[in-house]
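>>> Starting from these lines, generate the structure:
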Amino acid sequence: MSHHDAYARLEIMKHPYRFWAVVVVVTMAVVVGASSNASAPRANASGSCAGLIYATNQASNRVSIIDTATNAVTPLAGFSDPSGVAVTPDGTKVFVTNFSNNKVSIIDTATNMISSLAVGDSPIGIAINPAGTKAFVTNVGDGTVSIIDIATNTVKSVKVGAGPIGVAVTADGTRVYVANFNSGRGNTVSVINTANNSVASITVDTGPAGVAVSRDGSKVFVTNNGRDTVSVINTANNSVDSISVGQGPIGIAVTPDGTKALVANNGGNTVSVIDIATFTVTPITVGKGPSGLAISSDGTVAYVANYRRAGGNTVSVINIATGKVTPITVGTGPYGVAVCPTNVDDQAAPNGSSTTTTTALPAMPAPSPAPAAPDTSGEDTKVTG
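Sure thing, here's the model as predicted:
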């Protein structure tokens, strides 16, 4: 790994509020058994995991499965720094990125058995196309996106910008948007054309981290962690507007009706609710260190993973209409969160994770020294750009 990629990894792991993706390589799946997970909740009779939420717990190497009917939590073991998480549209598989071992775990929701695939260096973000045929994994350590063929478990690698983190797929599956966090290489969003894996680039604000696409594909929303803003890309002409939000934005998701975008502000312990028609912003206080964010299929509830150990280790459940927040205690260091779909219509909705490619890049200048580690005692910490 080069010095700038190592720096990107250091920034992410030490400062989760500061961040938190064509050469073809083929790999095959290796099954890794999960006998200790036999008691965890499973898919219903139809094979779907409807009614369940999956939250990754980086510090405890677990995935918490939340039953939304009861808010009961069951831990699932067998991961290594689990970070991003995404569910297939039919609810039969859950994909989890493992930052430390360069693999993606695949949970069979009917059995809770886990298989794994090798991907790129330090995988973090993940999104699945609405057809359920491809998963896109951002590898922050080597500046690539791994494209997994879900039917065959083969993997292709596409080069993108430096430090890719967030990833989202359009509803028609033709474009993949990747937020490249490493500001030393240009503050960009890479756009993959899925027909031929060619890559274009759009410049946004400082420290792009999370990305989400409106259901109609007309707008792409990008959190800029270094500037406390959200860039709004008009996909018709790639023009960019900016909205000020809370401190240290990371995760972002758009409601299914396209009227609101919700932003997890890791440094400010809030979620910003953006009215997309007016660009007005309403803050909601949640747990400490909000990172990943996902919205229910009907658009009424948001789930936010709160990363910090002091005052965190929760998933905040937000009633979007009223702003009421209910915390659910999960494992240590929750980072990503994903909602299982509840109906067939969900398959038309784009993924945006909570929790997100181009040709050869020029040599990167030597990085600035990494800032001091953040305060994890539960006190709010100002994020500098």
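>>> Return stretch 210-221 as CSV; C-alpha atoms alone will do.
The C-alpha atoms that make up stretch 210-221 are tabulated as CSV, following Å, rounded to 0.1, in the frame of the first residue of the first chain:
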residue,chain,number,x,y,z
GLY,A,210,-21.5,9.6,1.8
VAL,A,211,-23.7,9.6,-1.4
ALA,A,212,-27.3,8.9,-2.2
VAL,A,213,-29.4,9.1,-5.4
SER,A,214,-33.0,10.4,-5.7
ARG,A,215,-35.4,7.7,-6.9
ASP,A,216,-35.9,9.5,-10.2
GLY,A,217,-32.2,9.8,-10.7
SER,A,218,-32.3,13.6,-11.2
LYS,A,219,-30.2,14.4,-8.2
VAL,A,220,-27.2,13.0,-6.4
PHE,A,221,-26.5,14.0,-2.8
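>>> model confidence over that stretch, on average?
Averaging pLDDT along stretch 210-221 gives 96.
>>> need the next SSE after the helix or strand of the chain with the lowest mean pLDDT, C-terminal direction.
For the chain, counting by mean pLDDT, DSSP states H and E, strand 30-31 ranks last in confidence among helices and strands (a mean of 36). Counting by DSSP states H and E, the element after strand 30-31 in chain order, helix or strand, is strand 52-57.
>>> and that following strand, average pLDDT?
Across strand 52-57, the per-residue pLDDT values average to 97.
>>> by contact count, what packs against it?
Under the contact criterion of 3 or more C-beta pairs under 8 Å, 6 or more residues apart in numbering; DSSP states H and E, strand 52-57 touches strand 62-67, strand 82-87, strand 93-98, strand 290-295, strand 301-306, strand 334-339. For the C-beta atoms, the positions are set from N, CA and C on the backbone; glycine is no exception.
>>> These into a markdown table, with extra columns for mean neighbour count, distance to residue 54 and mean pLDDT?
Converted to a markdown table, the helices and strands packed on strand 52-57 look like this (neighbours: other C-beta atoms under 10 Å; distance: least, C-beta to C-beta, whole Å; pLDDT from 0 to 100):
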| stretch | mean neighbour count | distance to residue 54 | mean pLDDT |
| --- | --- | --- | --- |
| strand 62-67 | 23 | 6 | 97 |
| strand 82-87 | 29 | 5 | 97 |
| strand 93-98 | 26 | 5 | 98 |
| strand 290-295 | 30 | 9 | 96 |
| strand 301-306 | 27 | 10 | 97 |
| strand 334-339 | 30 | 5 | 96 |
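>>> and those as TSV, adding distance to residue 269?
Shown next, in TSV, are the helices and strands packed on strand 52-57 (distance: least, C-beta to C-beta, whole Å):
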stretch	distance to residue 269
strand 62-67	20
strand 82-87	20
strand 93-98	25
strand 290-295	7
strand 301-306	8
strand 334-339	14
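>>> Of those, give the one that comes closest to residue 280.
Closest to residue 280 of the helices and strands packed on strand 52-57 is strand 301-306 (C-beta to C-beta; 17.5 Å).
>>> Name the strands paired with the closest one and say parallel or antiparallel.
Partners of strand 301-306 in the sheet, by DSSP bridges, are strand 290-295 (antiparallel), strand 314-319 (antiparallel).
>>> buried sites along the last one?
Neighbour-count burial for strand 314-319, counted by 16 or more other C-beta atoms under 10 Å, picks out 314-318.
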